[in-house]
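okay, here's the prediction I keep looking at, along with the sequence it came from:
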Amino acid sequence: MSTKYASIIKDLRTKVGLSQLSVAQKMGISRQSYMAVERGTRELSLGEAEKICGIFGISIEVLESGETQNYEKYKQMILSFLRLDNKIPKTKLAKLVYLADAGWFYYHLKSMSGMQYRKIQYGPVADPYFRILDELYQNGQIEIEQTEDGAMLVSQTRAGAKGFLSEIKGEESKLIEDIAKKWKGKKTKEIVEFTHNQLPYLLADDNEIIHLGLITQENPDEYY
């Protein structure tokens, strides 16, 4: 595998706080060999690339894309939508965040958070979505309540509202606001059907990572 992935590998390692020696041992190679990988002077075999992905919890597609997943930013995107329209059904909230990433990709050729999305029955969802909701709930930043018809409503607590959304920049905030405004008051079924009819979802196999780049083939008024 090409040495062009050296920078993302180093970035992933430093973000999770692992030493070069620790990663090298997990991969079954010497520290010197691993250091050469980070310097971009040693290529990875496919097997080594798969080990790297296992260590950092990413897919081969993420490694090939050269984009790192910004979990903190993804959390802040969730909180941003909750500040604009509190008590959002869990499924709808997942789609709103997806549309923000897809919408950012439409013009900038990269997603806002760097997350990858998987094709499941209720539309594209980032793998860490439910885990991050649990984390926000445990931290007292959100509340989740079940309605009589079984829907799970997510709302922001006072603690969640106090946090400064440092990762969300001006243009990103504007896109989130535009998406929230368009879908405010719309039913979950409507946004699910909307994402189902977009090319990234249509052309993916069930339970596979969707190709977000296909969003650029949608009409300008149909990407969110």
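The structure has been received and is ready for your questions.

ok, and what's touching the helix or strand hosting residue 74?
According to DSSP states H and E, residue 74 maps onto helix 71-84. For helix 71-84, contacts defined as Cβ atoms under 8 Å, 6 or more residues apart in numbering pick out 88, 93, 96-97, 100-101, 112-115, 126, 128, 132-133, 135-136, 141-142, 154-156, 160-161, 163, 165-168, 173, 176-177, 179-181, 184. C-beta: built from backbone N, CA, C; applies to glycine.

contacts only, for residue 52.
Applying Cβ under 8 Å, 6+ apart, the residues near residue 52 are 9, 23, 27, 44, 63.

cool, residue 14 as well?
Taking Cβ under 8 Å, 6+ apart, one finds nothing in contact with residue 14.

could you rerun that using 10 Å?
For residue 14, the contact set (Cβ atoms under 10 Å, 6 or more residues apart in numbering) comprises 20, 38.

just the element for it, please.
Per DSSP H and E: residue 14 is located in helix 6-16.

for the helix or strand just after that helix, what is the distance to the chain centroid?
Scanning forward in sequence from helix 6-16 by DSSP H and E, the next helix or strand is helix 20-27. Its chain's C-alpha centre and that of helix 20-27 lie 26 Å apart, by Cα atoms, centre = their mean, to the nearest Å.

orientation of helix 20-27 relative to helix 6-16 in degrees?
100 degrees (axes from the mean of the first three to the mean of the last three Cα atoms, to 10 degrees).

which is the next helix or strand following helix 20-27?
Criterion used, DSSP H and E; the element after helix 20-27 is helix 31-39.

in that next one, what's buried?
Burial within helix 31-39, assessed by neighbour count using 16 or more other Cβ atoms under 10 Å, is assigned to 34, 36, 37, 38.

stretch 15-26 too?
Buried residues in stretch 15-26 (16+ other Cβ under 10 Å): 20, 23, 24.

got those residues as a markdown table, with pLDDT and distance to residue 81 columns?
As requested, those are exported to a markdown table (pLDDT from 0 to 100; distance: Cβ to Cβ, whole Å):
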| residue | pLDDT | distance to residue 81 |
| --- | --- | --- |
| 20 | 95 | 38 |
| 23 | 93 | 35 |
| 24 | 95 | 41 |
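
out of those residues, flag the one nearest to residue 188.
Residue 188 has its nearest neighbour among those in residue 23, at 41.3 Å by Cβ to Cβ.

name all residues that make contact with that closest one.
Listed by Cβ under 10 Å, 6+ apart, the contact set of residue 23 reads 9-10, 12-13, 16, 29, 31, 34, 37-38, 51-52, 55-56.

right, I'll leave it there.
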